[in-house]
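K.L.:
How does the following fold in three dimensions:
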Amino acid sequence: MVSRVSSLPDTGPVSQADVDAWLNGLRERRPAHDVELLAKAATLTREAHAGEPAPDGFDRFLSLLYTVDTLDGLKLDVESLLAAMLSEMPGHPRYDPAAVRESFGPVVAAMVEQGSRIRELSASGAENVDDRGVEKLRRMLLGIANDVRAILVVLSKRLQLMRRLKVLPPDVQRRVARETQLVHAPLANRLGVWQLKWELEDLCLRYLEPEEYTRLAKQLDGKRREREAFVADVIERLGAACRDAGIDVELNGRPKHIYSIWKKMRRKRVDFEQVFDVRAVRALVDTVPQCYEVLGLVHSLWRPVPGEFDDYIAHPKPNGYRSLHTAVVGDDGKPLEVQVRTRDMHEHAERGVAAHWKYKESKQHDDELERRIEWMRRWLEQQDDEGQPLETTDEDAEYEASRIYVLSPQGKVVELPSGATPVDFAYAIHTSVGHRCRGAKVDGHIAPLAQSLHSGQKVEILTVKEGGPSRDWLNPHSGYLTTSRARNRVRQWFKQQDHDEHVAIGRANLEREVSRLSVPKPDLDKLAARFNFKTSDDLLAAIGRGELSAIQIANTQAERARRDAAAIADREIPEKLRRRTPPREAGGAGQVVVDGIGDLMTHMAKCCKPVPYDAVVGYITKGRGVTVHRHDCAVVRKMDAQNRARLIDVDWAGNQQDSRFLVDIQVFASDRKGLLRDISSVFANAEIDVLSVNTQSDRRHEQANMRFTAEVADMAQLSRVLERLAQIPDVIDVKRQVS
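P.N.:
Model prediction:
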């Protein structure tokens, strides 16, 4: 239980004398400047809430003083106390955020706003979530708090409400207690504020399980004298042993809170008498070596219980908790728990977060402290037998940092990846909601569908009765979708649409690409099998849906044609011209490999201008080496038997990075001013050199027929430049000219 630091009246109203007495008590522990700020905040709050009752009927201003008093007992800084004092101001007619920021600083103003938001969401969220969804709610509340102290203010306020819950109707008691048990107590546990956690849990049990609470309270009270006498005897014997060993030790009994006893009895299915740590003694010393000396004395005085020793000094818990825990058998045959720690360790264990929020007269920013707080906010909610948080892995921390938690209009908590949009949220609610999404409201205001959401926001999706998603949502640069679930649902929707339409679109796209690149028409049945489609129509439909690109299919067909042509050429070229010497790379830039002929120079035929990886064949000329033609070149097709005997097998070399190849590009467009300039810009932006231009204009029909001879690196670059040329306004057709 958090003990009071100051003396405050039990009921309101609060007089000025009461406030002055409270402030005088603070002056004994805090600097005068801080007390002046608290006095200023108290005056502002008292004037705003004069005579105003809290929801529990308690004086609102007095409730705020108790809240500040609790935080002062936890040794939080003055900013936390100011935020608690002003925590009821949001929503009040006299509340002026700018004035609060100017008078008390931006940090306090931000904590006041965050605390108000956390209280609102914790109440509305807990009423609408089940046990499975409440963890998302807890994480959401941690996520919206940029400053963890705002949550501590909320927890302290909740403790004041729970302490006065008995004056409210039974149904309200159960509702508030369940909300506290689901949300607030686990948050206190996650942040390591054990004193708040224990009292909140006990008070929740009191109203949710009144019979069990009363029975355990009576058992504890009935055994109190016996337990107190036993603990006093242990303290006397252990203290004497420590004095004889020259160890300065502070010994005291540690009561176990009722909720923890009840939970352990249920988990282990044991009776009250079988709970080991109902009787416990804590020993505080100055140094770590003294901890182990005291532990040895304990084991020499009483028999240790096997398997009940934990060394959290050598192996601290992730939250920094350090102590020695052991269980021994007392003289009466009943178990006793003994904890041994240094006084510094005790301060951390008792104060939790407060031990790391030591009051700072210096206003310097503490980076290490900020990292510590960020880490603490990601703790898991589970606890072990000693009431400490379980270990958290690095993966858990990374997971928490990458998730957000938002609310639906009905209060359902939805978990999404960081950066998720309203469209992602719509698909997380239901696939049909995502398909029919046409707009969104975030916290009551219309928001863009590509806007990133943040933890704590309430999102409402605006839908139409019928409809489907937009293809723009699949554009990765549009920012509409970030989750794979949503993207898969959108793709599946388009996949299920008119199959015939997709087949037609895919056929048109493929024919256009084949024509542009001047590659042979593909064998769709063979290509369908290669890409794991059952039929050629399925392949075309995939192209129409955008799952495959037409250029990918065209390049695949070009590569297949090249291999087929090489096989044909191998059969047609005379044996005497093949395999005389090892193959070599020729052409000066490693463009082609000549198979069977050594020391021959090669050059590309100007009639068809082959480009990697066109199907090619070599022709042995008289005095000019080997001329490389496309296999379907008109010149090669018209050769007689005598010339065909001079054909030789050639292939493209593996490395084409530094090679350049001539290609003719035909552009047919509506003639206009600036057309040539626009086309030249495309070549320049693609870093493609144009060696010659032949332009013919038909003024009667206002049309232009242009032929460009350019240097390209490979088929992929050619495809890209053809696509960009086709997008120029007034361009009707673009394709590669091969003869």
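
K.L.:
I figured residue 156 hits residue 72, correct?
P.N.:
No - between residue 156 and residue 72 there is no contact under C-beta atoms under 8 Å: 9.9 Å. For the C-beta atoms, the positions are set from N, CA and C on the backbone; glycine is no exception.

K.L.:
So what's the residue count around residue 721?
P.N.:
Number of residues near residue 721 (other C-beta atoms under 10 Å) recorded here: 21.

K.L.:
Quick one: residues contacting it.
P.N.:
Going by C-beta atoms under 8 Å, 6 or more residues apart in numbering, residue 721 touches 665, 682-683, 686, 688, 710, 712.

K.L.:
and if we set it to 6 Å?
P.N.:
residue 686 (C-beta atoms under 6 Å, 6 or more residues apart in numbering).

K.L.:
And the pLDDT at the nearest residue to residue 326 once chain neighbours are set aside?
P.N.:
Distances taken as C-beta to C-beta, 6 or more residues apart in numbering put residue 309 closest to residue 326, at 4.7 Å, once the chain neighbours are dropped. Looking at residue 309, its pLDDT is 90.

K.L.:
residues near the nearest residue to residue 738 once chain neighbours are set aside, how many?
P.N.:
Distances taken as C-beta to C-beta, 6+ apart place residue 518 nearest to residue 738, at 4.5 Å, with adjacent residues excluded. Using other C-beta under 10 Å, residue 518 has 22 neighbouring residues.

K.L.:
what separates residue 518 from residue 226, distance-wise?
P.N.:
Separation of residue 518 from residue 226 (C-beta to C-beta, to the nearest Å) stands at 100 Å.

K.L.:
hmm, back to that, neighbour count winner among residue 156 and residue 72?
P.N.:
More crowded of residue 156 and residue 72, by other C-beta under 10 Å: residue 156, with 28 against 24.

K.L.:
In a helix, the more buried one, correct?
P.N.:
Yes - counting by DSSP: H, G, I helix; E, B strand; the rest coil, residue 156 is located in a helix.

K.L.:
Test my guess that it contacts residue 70.
P.N.:
Yes - using C-beta atoms under 6 Å, residue 156 is in contact with residue 70, at 4.5 Å.

K.L.:
who's in contact with residue 464?
P.N.:
Neighbouring residues of residue 464 by C-beta under 6 Å, 6+ apart: 436, 438.

K.L.:
Ramachandran angles for it?
P.N.:
Note on residue 464: backbone dihedrals following degrees, to the nearest 10 are phi -110, psi 160.

K.L.:
Please apply the same query to residue 167.
P.N.:
In terms of degrees, to the nearest 10, the main-chain angles of residue 167 are phi -80, psi -10.

K.L.:
Quickly note the distance from it to residue 295.
P.N.:
Noted for residue 167: a distance of 47 Å to residue 295, by C-beta to C-beta.

K.L.:
Compare neighbour counts for these two and give me the winner.
P.N.:
Remark: of residue 167 and residue 295, residue 295 carries more neighbours, 20 against 10, as counted by other C-beta under 10 Å.

K.L.:
does that one count as helix, strand or coil?
P.N.:
Under three-state DSSP, residue 295 falls in the helix class.

K.L.:
Next, the contact list for it, please.
P.N.:
Residue 295 neighbours (C-beta under 6 Å, 6+ apart): 324, 340.

K.L.:
if we can go back for a sec, what is the burial count for the residue nearest to residue 326?
P.N.:
Residues contacting residue 309 under the criterion other C-beta under 10 Å number 14.

K.L.:
Quick check: it vs residue 279, distance?
P.N.:
Distance of residue 309 to residue 279, given as C-beta to C-beta: 17 Å.
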